[in-house]
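K.L.:
Pasting the sequence and the predicted model now:
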Amino acid sequence: MDLPICAACNFTNNGPCTLGSGNSCVMAPYFSSTEPVFGVENVYKILSRLEEPWQREYAVNALCYEAEARIHDPIHGYVGPQMVYKNILNN
């Protein structure tokens with residue numbers, strides 16, 4: 001049976017990462033084996049600098065929000081809708 005691995009362990013070929021079941025991988029509780037928007041190394045650097053689990057959770061929520069916005073608008077990201085509404089209000 002193949003165990004699922006997180007994006008970081010898949011990227012570095014670290015072997016079986018059980019997606020957050022007590023291992024030392026900082027990415028496992030937050031990311032499944034999906035295509036990263038920001039790159040695994042960048043996300044890993046951000047998460048490894050945070051000590052508390054709640055900080056990592058907040059960072060992941062922010063990264064997911066930004067990633068979703070980047071998927072819909074690769075140029076402006078989450079600022080795109082703000083610019084649209086600002087133009088509407090100014091006109």
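P.N.:
Great, that's in hand.
K.L.:
Which positions in the top helix by length along the chain come out as buried?
P.N.:
For the chain, the helix that runs over the most residues, judged by DSSP state H, is helix 53-72. Residues of helix 53-72 classed as buried: 56, 59-60, 63, 67, 69-70 (neighbour count, 16 or more other C-beta atoms under 10 Å). The way it works is simple: take the backbone N, C-alpha and C, and place the C-beta from them, glycine included.
K.L.:
just checking, what packs against it?
P.N.:
Helix 53-72 makes packing contacts with helix 40-49, helix 79-90 when contacts are defined by 3 or more C-beta pairs under 8 Å, 6 or more residues apart in numbering; DSSP states H and E.
K.L.:
For this protein, which residues score under the pLDDT cut-off?
P.N.:
Residue ranges of the chain with pLDDT under 70: 1-8, 10-36.
K.L.:
can we see that at 50?
P.N.:
Applying pLDDT under 50 to the chain flags the ranges 1, 20, 33-34.
K.L.:
Is it possible to get TSV of the helices and strands packed on helix 53-72 that adds mean neighbour count and distance to residue 9?
P.N.:
Converted to TSV, the helices and strands packed on helix 53-72 look like this (neighbours: other C-beta atoms under 10 Å; distance: least, C-beta to C-beta, whole Å):
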stretch	mean neighbour count	distance to residue 9
helix 40-49	15	9
helix 79-90	10	32
